[in-house]
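> I need the structure of the sequence given here:
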Amino acid sequence: MRCYKRRAPLSNPSTPPHSPPLTASQPPHHSPDSRRSKANRELTAAEALQQSPGNRSTSAPPYWASPSSTSTPSTLPSLAGAAMEPNEPINTKFYQLGNGGSLIFEHDLNAVSNFLGRPHPEFHGVQLDDTPGGELQWVITADLRGKMEPPTSERILFSFRESNWLDGLARGLQEALARLCGQNVVRILASRYAHLVRRDAAGVPMELQPHPELRHHAEHLDFMLYQTQRDLDATRAYANQTHAHITEQGEAIKLLNNDRKSLRQQRAKKDATIRRLRARIASLEATVKAQEDQIRQWRMTTEASTFREETPS
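Predicted structure coming up:
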C-alpha cells in the first residue's frame, strides 16, 4: 500500500480560483496567457514521443488520485487493428495544471508557478511496448515552459520511466516542484516557498537553508527520496535487461528444440531408408543365390548330357 500523504497546499493570494474538475469528455481549459503556438505544441509532442523506453497498470489508482485528476488523452488516431512496432506508443495521456485537480504536490507546484509568473506546467505520458513479452511501461515527460516577459526564465524539460501513469505523474509533480525551486532560489528566498526542497538542472538535490524548527529534516528526506528513485530506476532497467535476456534465451531454446525435432525426423527418415535398402539387398542376395543354384544345376545337367552323348553305347 502506498504511503503518499499530501500536506495542506500553500496558500497564495494571487492564485486564481480553480476551474471545475475535468471530466472524461471535457478537454482542459487553456487560458489566453498559457496558450502555446502550434509549433510549440508539435515540438513538445515530438519530444515526448521520441523519448526512448513505456507497465500496464493493473492495480487500482492510489487514494490520492481524486476523480478531478482524470487526465485527458491526446487525440491520436486509433491504433486498433494496426500492426504495432516494438517501440511504437500504444497509449498517450496529457495532464495540465490549473484545471482544479487535487493530485499530490499539484497545489504547491501551481502556487509556485503562479508566484513566478510562469505558464501552467504540463505532463505527457507515453506507454511503450519495448519489452518483448514483458509488462508495458510509461515514459513521463514534464514540460515547465519559461516566462516570455521580462524577467524571463528558462524552460524546464525532463523525462523518466515509471510503471504506470499515476505513479509517474506523482513523481513528475514532485520533481518539477523541486527543480522549479532550484532554478529560482533567489526569487523565492524571501517568500513562503523558501523552505521547499530544491533540485538542480540534473535532478540532484541541492542544499537547503535550515528551517527554524525542522532544521535539515526536509533536505534529508528529499535526498533519501532521490536515492530511492535512482535505485528503483536502476532496478527497473536491470529487470528489463534481464527479462530481455531471458526472452532471447527462450527464443534460442525454441529454435534448438525445432532443430532437434527436425534432426530427429531426418534421422528417422534415414533409418527407414536404411532398413528398406537392407531389405532390398537381402532380397537381391536371395535372388542372386537362387539364380546361381539354377545356373549350377543347368551346368550339371548340360555336362551330364554331353558325357552321355560322347560315351559309346
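
> Distance of the residue lying closest to residue 191 once chain neighbours are set aside relative to residue 194?
Leaving aside its chain neighbours, residue 191 sits nearest to residue 115 (6.7 Å; criterion: CB to CB, 6 or more residues apart in numbering). Just so you know, the C-beta spots here come from the backbone N, C-alpha and C atoms, and that holds for glycine as well. Residue 115 is 11 Å from residue 194, where distance means CB to CB, to the nearest Å.

> which stretches of the stretch 151-300 of the chain aren't confidently modelled?
Applying pLDDT under 70 to the stretch 151-300 of the chain flags no residue at all.

> rewinding a little: show me whatever sits in contact with both of residue 115 and residue 194.
Common neighbours of residue 115 and residue 194 (criterion: CB atoms under 8 Å, 6 or more residues apart in numbering): residue 188.

> Neighbour count for those two, which is higher?
residue 115 (19 against 14; other CB atoms under 10 Å).

> Let me know the helix or strand that the more buried one is in.
Take DSSP states H and E as the rule and residue 115 turns out to sit in helix 106-116.

> what is the rounded mean pLDDT of that helix?
In this model, helix 106-116 has a mean pLDDT of 94.

> And it, what does it pack against?
helix 165-183, helix 185-188 (3 or more CB pairs under 8 Å, 6 or more residues apart in numbering; DSSP states H and E).

> Repeat the analysis, applying 7 Å as the threshold.
helix 165-183 (3 or more CB pairs under 7 Å, 6 or more residues apart in numbering; DSSP states H and E).

> contacting residues around the helix it packs on?
4, 57, 61-62, 65, 93, 95, 103-106, 108-109, 112-113, 121, 123, 125, 138, 140, 142, 144, 154, 156, 160, 162, 188, 193, 196-200, 203, 206, 222 (CB atoms under 7 Å, 6 or more residues apart in numbering).

> and if we set it to 6 Å?
61, 65, 93, 104-106, 108-109, 112, 121, 123, 125, 138, 140, 142, 144, 156, 162, 196-200, 206 (CB atoms under 6 Å, 6 or more residues apart in numbering).

> out of these, which are inside helices?
106, 108-109, 112 (DSSP state H).

> ok, back up a step: could you tell me which of the contacts of helix 165-183 count as buried?
Buried members of those, scored by 16 or more other CB atoms under 10 Å, are 65, 93, 104-106, 108-109, 112, 121, 123, 125, 138, 140, 142, 144, 156, 162, 196-199, 206.

> returning to that earlier point: quick check: angle from the helix holding residue 115 to helix 165-183?
Inter-element angle recorded for helix 106-116 and helix 165-183: 30 degrees (by axes from the mean of the first three to the mean of the last three CA atoms, to 10 degrees).

> export helix 106-116 as PDB, just CAs?
Provided in PDB are the C-alpha atoms of helix 106-116 (Å, rounded to 0.1, in the frame of the first residue of the first chain):
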ATOM      1  CA  GLU A 106      -0.200  19.800  -7.500                       C
ATOM      2  CA  HIS A 107      -1.400  22.800  -5.500                       C
ATOM      3  CA  ASP A 108       2.200  23.600  -4.300                       C
ATOM      4  CA  LEU A 109       3.600  23.400  -7.900                       C
ATOM      5  CA  ASN A 110       0.700  25.500  -9.200                       C
ATOM      6  CA  ALA A 111       1.200  28.100  -6.500                       C
ATOM      7  CA  VAL A 112       4.900  28.400  -7.100                       C
ATOM      8  CA  SER A 113       4.300  28.700 -10.900                       C
ATOM      9  CA  ASN A 114       1.800  31.500 -10.400                       C
ATOM     10  CA  PHE A 115       4.200  33.200  -7.900                       C
ATOM     11  CA  LEU A 116       6.900  33.200 -10.600                       C
END
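
> when you give positions from now on, start the count at 37
In the new count, where the first residue is 37, that last one comes out as helix 142-152.

> For residue 190, give its distance to residue 154.
For residue 190 relative to residue 154 (CB to CB), the value is 10 Å.

> scratch that, residue 273
As judged by CB to CB, residue 273 and residue 154 stand 32 Å apart.

> thinking residue 177 is in contact with residue 194, fair?
No: contact status for residue 177 versus residue 194: not in contact, 7.5 Å apart, counting by CB atoms under 6 Å.

> Comparing the two, which residue is more hemmed in?
Using other CB under 10 Å, the more surrounded residue of residue 177 and residue 194 is residue 177, with 22 against 17.
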